[in-house]
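[1] sequence first, then the predicted structure, then my questions.
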Amino acid sequence: MDHRLQAFAADIAQLDDATSVWNAMSAFAKECGFPFCTLSMAHRRSGIRSSKFITSLPSEFQDNYCDNGLISDDPFLSLICTNMAAAAIATDPNRFPGINHQQGEFLELTRSLGVKSAICIPVSTNAQPEFGGWIIGGTDDGTKFERQFSESGVELQMAGLFSNERIRALTYRKNRSNVPLSPRERECLLWLSAGFRVTMIAYKLGISESAVTLYIQKARQKLGAQTREQAVVRAIQYGEIQL
């Protein structure tokens, strides 16, 4: 794990409220060259309503988003949150396939505020009751943004997952997993956190690749994680592994 990301994870573990975590994530994004930071979570209760929304965009935008139904037109929630992969998008509606008229207007609005591109980091898919994630916005598009995404995309995705898990722990007062991981499950996640693939983990531990895959799957189930990356983050947050 990158030293800067490791330091970030350690710092937010000491924070005791969601706004402070958001501020830390926003500062981290700025260090990577992205001045806009938004956390948007939605849930399905009598339709889609905002449950959490915090952004560095102007307060009028936040008010409109929460109170005037803009959440229903947000393409991040409907089109990006179908899986847990980070996505690089341009806010130019002509370069964003599969959107309707209302979603196009939403993108035009964000673009008028200076957001020309964004790294979208889902923390939960829209197959879940509560879903959404981070939108890290930039003032550049084209080649410069592609370079930024290549250099910082993975780091920002992991920082977003760490931040979400800290907020989750604070919200639900849950600092450990209910079912402890086995020693092998911890070892596999620890090697994953170091950037090793299944083949190398199997070699390191002297076991088969299928066994490694099974240990990781069991760890994900115990931690309630949708991806391997989320499992690593939760294992760290719950004290199951230490970097």
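    Arrived safely.

[2] from here on, contacts and neighbour counts on C-alpha atoms
    OK.

[3] helices and strands of the protein: which one has the lowest mean pLDDT?
    Counting by mean pLDDT, DSSP states H and E, the weakest-scoring helix or strand in the chain turns out to be strand 48-55, with a mean of 68.

[4] which secondary structure elements does the helix or strand just after that one sit against?
    As assigned by DSSP states H and E, the chain's next helix or strand after strand 48-55 is helix 59-67. If contacts are counted by 3 or more CA pairs under 8 Å, 6 or more residues apart in numbering; DSSP states H and E, helix 59-67 sits against strand 48-55.

[5] run the last query once more with 10 Å
    Applying 3 or more CA pairs under 10 Å, 6 or more residues apart in numbering; DSSP states H and E, we find helix 59-67 packed against strand 36-44, strand 48-55, helix 101-112.

[6] looking at those, which is nearest to N164?
    Ranking the helices and strands packed on helix 59-67 by proximity to N164 (CA to CA) places strand 36-44 first, at 9.0 Å.

[7] list the buried ones in the closest one?
    The neighbour-count check on strand 36-44 (16 or more other CA atoms under 10 Å) flags F36, C37, T38, L39, S40, M41, A42, H43 as buried.

[8] what's the angle between the lengthiest helix in the chain and strand 36-44?
    The longest helix of the chain (DSSP state H) is helix 142-172. Using axes from the mean of the first three to the mean of the last three CA atoms, to 10 degrees, the inter-axis angle of helix 142-172 relative to strand 36-44 is 50 degrees.

[9] now do the buried residues in helix 142-172.
    145-146, 148-149, 152-153, 155-167, 169.

[10] just stretch 22-41 next, same as before
    By 16+ other CA under 10 Å, the buried positions in stretch 22-41 come out as 22-30, 32-41.

[11] how far does it stretch from start to finish?
    13 Å (CA to CA, to the nearest Å).

[12] right, I'll leave it there.
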